[in-house]
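**Student:** based on what follows, work out the 3D shape:
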Amino acid sequence: MKFIRMVEETIAVRYSESKMRCPTHLCTGQEAISAAVGLALRQDDFVVSTHRSHGHYLGKGGNLNAMMAEIYGKATGCSLGKGGSMHLVDKSVGFMGSTAIVGGTIPVGVGLGLSIRLHGTDQVSCAFFGDGASEEGMFYESVNFAVLKKLPVLFICENNLYSVYSPLKVRQPSKRAIYTLAKAIGCPAEQGDGNDAESIYQKVSRALRRIRQGKGPYFFEFSTYRWREHCGPLFDNDLGYRTNQEYLEWKKRDPVLRLEQKLLRRKDLSKADIERVERDISRQVAKAFDFAEKSPFPDASELTKDVFA
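**Tutor:** Model (predicted):
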């Protein structure tokens, strides 16, 4: 979580340099889900993601140098400099792609689950998406197909309460939880605290064991909150779609600080240990930005390669 947090916050600080020329959707405040789910998954499991993909990519073991080079539009990027922040791909760690289309990778994740079934392995396909994706037709079709075919798919809904600037209350009935939609289709589903990393890891690990036993898909709705603006490095509490009080209440539930304090109380870590971790991460982040800046841009001859038309 601290690794993801420090990467994202450094992007926020340096975005104004105008060297990252793609839109960036930061997940500061939501790191627990990315970190815990990524740790529970195996390297050969598949993951598909959303426009807010940095945490998912790093949580799955993605290469930080390759991610930063991609955001800088460089040839050494994980998508060869052609995708940018919202289109990360790294097959070496099973990260099969992210997209700006809301809900667009959910059917891809289910398709990967079907490929696992056809190959007869015990891998799992994990699809990350936000609360807004549960309002897309492909969400229902995909969950239904996964249940019908008992596919090894883990659905992770990160409910941060907002679809861009629209709160959940103006998009869905107030007394209906998102996870109950999956339950109604026949998919085992539960709700959880998206800012409690240990709880997420335990819940997801149990579900993964069940999925690997051939019992079909599983669905989680994890409640969380993004601190920064929908798209970009700034804070947008002044726009009026959410209050500063709400932001401060969620900030008190900071998943990184929460786990850090718990580990210190249990004496699993000391303050010196945490400081060493922070120094190590700072070095990695600095090297990644340096790598991205020094890497070459793609050659113009690459422009029309790897595209359909």
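**Student:** using CSV, list the CA coordinates for whichever strand or helix holds residue 245.
**Tutor:** Using DSSP states H and E, the element containing residue 245 is helix 244-251. What follows is helix 244-251, C-alpha atoms only, in CSV (Å, rounded to 0.1, in the frame of the first residue of the first chain):
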residue,chain,number,x,y,z
ASN,A,244,-14.8,18.6,2.5
GLN,A,245,-16.3,17.2,5.6
GLU,A,246,-16.9,13.9,3.8
TYR,A,247,-13.4,13.9,2.5
LEU,A,248,-11.9,14.4,6.0
GLU,A,249,-14.1,11.7,7.5
TRP,A,250,-12.8,9.2,4.9
LYS,A,251,-9.2,10.4,5.3
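**Student:** which element follows that helix toward the C-terminus?
**Tutor:** Toward the C-terminus from helix 244-251 - assigned by DSSP H and E - lies helix 255-265.
**Student:** just to check, residue 67 is in contact with residue 56?
**Tutor:** No - at 10.9 Å, residue 67 does not count as touching residue 56 under the criterion of C-beta atoms under 8 Å. Just so you know, the C-beta spots here come from the backbone N, C-alpha and C atoms, and that holds for glycine as well.
**Student:** so which of these two has more stuff around it?
**Tutor:** Shown here are residue 67 and residue 56; by other C-beta atoms under 10 Å, residue 56 has more neighbours (28 against 25).
**Student:** tell me what the nearest residue to the more buried one once chain neighbours are set aside is bridged to.
**Tutor:** Of all residues not flanking residue 56 in the chain, residue 49 sits nearest, at 4.2 Å (C-beta to C-beta, 6 or more residues apart in numbering). Applying DSSP bridges to residue 49 yields these beta-bridge partners: residue 98.
**Student:** count the residues that sit near residue 49.
**Tutor:** Count around residue 49 with other C-beta under 10 Å applied: 29.
**Student:** tell me the contacts of it?
**Tutor:** 56-57, 88, 95, 97-99, 105, 128 (C-beta atoms under 8 Å, 6 or more residues apart in numbering).
**Student:** quick one: the strands in the stretch 51-200 of the chain?
**Tutor:** 95-98, 125-130, 153-159, 162-163, 166-167, 189-193 (DSSP state E, counting those that start in this stretch).
**Student:** save these as a markdown table, and put in mean pLDDT, distance to residue 16 and mean neighbour count too.
**Tutor:** What follows is those, written out as a markdown table (pLDDT from 0 to 100; distance: least, C-beta to C-beta, whole Å; neighbours: other C-beta atoms under 10 Å):
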| stretch | mean pLDDT | distance to residue 16 | mean neighbour count |
| --- | --- | --- | --- |
| strand 95-98 | 98 | 24 | 24 |
| strand 125-130 | 98 | 26 | 27 |
| strand 153-159 | 98 | 27 | 26 |
| strand 162-163 | 96 | 24 | 18 |
| strand 166-167 | 96 | 27 | 13 |
| strand 189-193 | 98 | 34 | 18 |
